[in-house]
Every structure is written in C-alpha cells, then in structure tokens.
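Engineer: Structure, please.
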Amino acid sequence: MTEFTSDIKTIFHNDVDVFRVLSDLSKLDLVKDQIPKDKIKDFKFDSDSCSFRVDPVGEVRFNIIEREPNKLVKFKSENLPFDVFLWIQLVQKAEKDTKMKMTLRADLNPFIKGVVSKPLQDGLNKISGVIASLPYDKI
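Structural biologist: Purely as a prediction, here's the structure:
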C-alpha cells in the first residue's frame, strides 16, 4: 500500500461538531452550495457515502466503513481500478481548535503509482482544505 497524507489543518470548531457532520454526510446538504466548484465537481452524497469529480483523477466514490466518535471516520473507495482507504483523523487541542489530518492508502502497482501519485496527493490536499473550511456550527 502506498500512503499519502494531507497537511494538518486547523478547523475552528470543536471535534464534536466536526465529527457530527463528517460521520453523517447527508448533513452536507446544508452547505453544498458553499463547496468551491473549481476544487470539487459533481458533489453528491447520502448519509454513508459521497462521490465527486477531482480533475484529473475523475469520479471517485467513498463509503464510510468505520466511525470512532469525535476521532475518526474511515472510508473505502469505489469506481477506481484499485482499492483506496481514506481516514479523517481529528484531535481537539482546545475549544474551537480541532486538528485534522487525512490519510489515503492505495493499493497501487508500480506503473499506476507513477501516473496517479501526484493527482492523488493534490486531490487529497484540495479535499482537506475544503473540509477544514466548512461552517460546522451551521450544519
């Protein structure tokens, strides 16, 4: 497995609010119009999954496979030619100061790794930036 990690982002909300939203993706309906169209396109979701298009990777779908209250949401991919697991890890440092790191592990053969490593890292950074900027107290 090849591992990619996002930069650690600061979310100016408590971990309870962040987890409440990220562990039930249907809550994103309230802010779907605020998600930057230039970063994530064709965003769709229900309570346990989301799909979106990230150029040049294409359409990706993730299903939630594990939830650990206020700490972790783990996803598994669909619609990709290889398995991808995504973890969103949360650590609250103070009230309205939650640190978030995203980790992506992909089962890549050497040829595919060379082609998709940069787009996967770029996509992970784009997604983590969007997630960090959501107004969790209004969702």
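Engineer: And the pLDDT for the residue of the chain most remote from its centre?
Structural biologist: Largest separation from the mean C-alpha position in the chain: residue 111, at 25.1 Å (CA atoms, centre = their mean). Residue 111 is assigned 87 on the pLDDT scale.
Engineer: Could you do residue 59 as well?
Structural biologist: 84.
Engineer: and if you look at residue 116?
Structural biologist: At residue 116 the predicted local distance difference test score is 82.
Engineer: picking that back up, how far away is the residue farthest from the centre of the chain from residue 117?
Structural biologist: Residue 111 sits 11 Å away from residue 117, going by CB to CB, to the nearest Å. (Each C-beta comes from the backbone N, C-alpha and C, glycine too.)
Engineer: before we move on, what about residue 135?
Structural biologist: Taken as CB to CB, the span from residue 135 to residue 117 is 32 Å.
Engineer: May I have the lengthiest helix in the chain as PDB, with CA atoms only?
Structural biologist: Secondary structure of the chain per DSSP state H: the longest helix is helix 110-132. Taking Å, rounded to 0.1, in the frame of the first residue of the first chain, the C-alpha atoms of helix 110-132 are listed here in PDB:
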ATOM      1  CA  PRO A 110       4.400   0.500  -9.800                       C
ATOM      2  CA  PHE A 111       3.100   1.600 -13.200                       C
ATOM      3  CA  ILE A 112      -0.100   3.200 -11.800                       C
ATOM      4  CA  LYS A 113       1.800   4.600  -8.800                       C
ATOM      5  CA  GLY A 114       3.900   6.700 -11.200                       C
ATOM      6  CA  VAL A 115       0.800   8.000 -13.000                       C
ATOM      7  CA  VAL A 116      -1.500   8.800 -10.100                       C
ATOM      8  CA  SER A 117       0.700   9.700  -7.200                       C
ATOM      9  CA  LYS A 118       0.700  13.400  -7.900                       C
ATOM     10  CA  PRO A 119      -3.000  13.700  -8.700                       C
ATOM     11  CA  LEU A 120      -3.900  11.700  -5.600                       C
ATOM     12  CA  GLN A 121      -1.800  13.900  -3.400                       C
ATOM     13  CA  ASP A 122      -3.200  17.100  -5.000                       C
ATOM     14  CA  GLY A 123      -6.700  15.800  -4.700                       C
ATOM     15  CA  LEU A 124      -6.200  14.900  -1.000                       C
ATOM     16  CA  ASN A 125      -4.900  18.400  -0.300                       C
ATOM     17  CA  LYS A 126      -7.800  20.000  -2.100                       C
ATOM     18  CA  ILE A 127     -10.400  17.900  -0.200                       C
ATOM     19  CA  SER A 128      -8.700  18.500   3.200                       C
ATOM     20  CA  GLY A 129      -8.800  22.300   2.500                       C
ATOM     21  CA  VAL A 130     -12.500  22.200   1.700                       C
ATOM     22  CA  ILE A 131     -13.300  20.000   4.700                       C
ATOM     23  CA  ALA A 132     -11.300  22.300   7.000                       C
END
